[in-house]
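*Asks:* take this sequence and fold it.
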Amino acid sequence: MPNHFSDLGINEALQQSLSAIKITVPTAIQEQVIPVLLNQKEDVVALAKTGTGKTAAFGLPLLQLINVEDSTIQAVILAPTRELGQQIFNSLESFAAHSPKISIASVCGGIPIKPQIERLKQPTHIVVATPGRLADLVKREAINIKNISYFILDEADEMVSALKEGLDSIIKEIPKKRRTLLFTATMPGAIKQLVQNYMSKKVIQIEVDMATVGHQGIEHQYIVVEPIEKLEVLLHFLNTREGERAIIFCKTKAAVNKLAKKLAINKFSSGALHGSLSQGIRDRIMGQFREGHIDILVATDLAARGIDVKEVSYVVNYHLPDTYDAYVHRSGRTARAGAKGLSLNIIQKEEIEDISDFENELDIVFKRFKKADAKSIEDNNTLLWAKRIFKTKPNRTISEDVKAKVKTIFHHLKKEELVDKILANYVKETENVITKSEDNKNKKGS
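*Replies:* So this is what the prediction gives:
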């Protein structure tokens, strides 16, 4: 088994770049894909989990195959989201650090198109793009992809389901005599159809470590809750994992916004990510998450594509995904680069059957996570209340006279006595709220 990239046929310049970014040992997909791309001519379909090194698997041989004497576009790499496209572009730039003659451009959506049009007037060998933006550039005749030799689809399963129209228009523009490389974590029917329609009859299929979802480092668990307690159970769980980085998945943009607001109210270090946010806001939130300034990202499925953050300790499915493929991608956000991770699903009783379906379809085992008891939830709510007080900024509009009078009321109390009284008041107010709520229910019932 190859232990070095030189054994796979990667040249010295690329090896120097890999060494500089501390990539020394090929992953399983790189071991299988790189020699095929370098030494054979057929189309390739590679089925591999997220976080296994797919970008280097196609990026390194692609960089080596580029003819630097030809200044035209030779390869197009498509990604479903700008975040993933930017990640691929950055990786290729790193790999090509010691290959200065290779020119790579990123033309993804969500940012102004005019600078991209200007960039494409310069000699360019490789273009990394999102389907919508590339289709727009083709329509404006700002890019010529009629003579490309290599067409790479990364996270292809997401593109054929969500971005099919743009993908179809692009495929009509590129030459039939090309080499198509398709990388995907799942193989839904739409992908099989794409392979049949747009790839050559002789396709090399490579499958790496697909026996279990994500990989062996992911533990799959679920908690069964009543609808009314779902948020409190989540908050309790998050408090037990304070300081760890996580992604929480919701089905809709509205649900993402609502949950992110609840987390912010309870002073969790968090941010929201979904398709309706401006690209500037999405970039800022992603930057904060990558750099560790926020711990928790609340996201929709598509918005979370391209998140390659190694330190994600766990993901939470606040809503179960609609498809098995979506579960593969969600859980694949954790346990990256050989780390361990947790995929936790917060479900209601009627969804237990869905868990069984996921187990059967994906050949994985879900363990039942013991839900916190009522006392633990109550204690956690008290701690969250205390945290809210601690993180509340002083109100500068309160007069000094009022502050002085309040201080006079409390001045003879010791710290422990003051805490006891504040806690007692909190408990009393909480009980009053519960009593009023029950009274209202009883009135409605009668």
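*Asks:* and stretch 74-82, how far from the chain's centre?
*Replies:* 17 Å (C-alpha atoms, centre = their mean, to the nearest Å).
*Asks:* residue contacts, the closest residue to Ser71 other than its chain neighbours?
*Replies:* Counting by C-beta to C-beta, 6 or more residues apart in numbering, the nearest residue to Ser71 once its immediate chain neighbours are dropped is Pro123, at 3.7 Å. C-betas here are computed from N, CA, C, even on glycine. Applying C-beta atoms under 8 Å, 6 or more residues apart in numbering, one finds that Pro123 lies in contact with Ser71, Thr72, Ser103.
*Asks:* and Pro123, that's in a helix?
*Replies:* No - looking at Pro123 with DSSP: H, G, I helix; E, B strand; the rest coil, it is coil, so not inside a helix.
*Asks:* distance of it from Phe151?
*Replies:* Remark: distance between Pro123 and Phe151 (C-beta to C-beta, to the nearest Å) = 20 Å.
*Asks:* circling back: filter the contacts of Pro123 down to the buried ones.
*Replies:* Burial by neighbour count, 16 or more other C-beta atoms under 10 Å: within these this picks out Ser103.
*Asks:* let me have the contacts of Pro123 in TSV, extended by distance to Leu302.
*Replies:* Output for those, formatted as TSV (distance: C-beta to C-beta, whole Å):
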residue	distance to Leu302
Ser71	35
Thr72	32
Ser103	30
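*Asks:* helices and strands of this structure: which one bottoms out on pLDDT?
*Replies:* helix 156-162 (a mean of 71; mean pLDDT, DSSP states H and E).
*Asks:* got a list of contacts for that one?
*Replies:* Here helix 156-162 has contacts from 78-81, 131, 153, 167, 182-188, 190-191, 193-194, 302, 305, 325, 329, using C-beta under 8 Å, 6+ apart.
*Asks:* mind checking which of those residues are in strands?
*Replies:* Leu78, Leu153, Leu182, Phe183, Thr184 (DSSP state E).
*Asks:* what's across from the residue lying closest to Phe289 once chain neighbours are set aside in the sheet?
*Replies:* Leaving aside its sequence neighbours, Phe289 sits nearest to Leu297 (C-beta to C-beta, 6+ apart; 5.1 Å). Here Leu297 sits in beta bridges with Ile247, Gly271, going by DSSP bridges.
*Asks:* about what we covered before: kindly export the least confident helix or strand of the chain (C-alpha atoms) in CSV.
*Replies:* Extracted in CSV, the C-alpha atoms of helix 156-162 (Å, rounded to 0.1, in the frame of the first residue of the first chain):
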residue,chain,number,x,y,z
ALA,A,156,-22.7,15.8,-7.3
ASP,A,157,-25.7,14.4,-5.5
GLU,A,158,-26.6,17.8,-4.2
MET,A,159,-26.3,19.5,-7.6
VAL,A,160,-28.5,17.1,-9.5
SER,A,161,-31.3,17.5,-6.9
ALA,A,162,-31.1,21.3,-6.2
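*Asks:* any stretches of this protein with poor pLDDT?
*Replies:* 1-3, 50-51, 161-165, 209-216, 303-308, 337-338, 433-446 (pLDDT under 70).
*Asks:* give me the domain ranges for it.
*Replies:* Domain segmentation of the chain under automatic domain parsing yields 5-207, 218-375, 393-437.
*Asks:* in a markdown table: the ones you listed, plus distance to Ala386.
*Replies:* Compiled in a markdown table, the domains of the chain are given as follows (distance: least, C-beta to C-beta, whole Å):
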| stretch | distance to Ala386 |
| --- | --- |
| domain 5-207 | 36 |
| domain 218-375 | 10 |
| domain 393-437 | 8 |
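*Asks:* how about the ones you listed, which one is nearest Thr382?
*Replies:* When these are compared by C-beta to C-beta, domain 393-437 sits nearest Thr382, at 6.7 Å.
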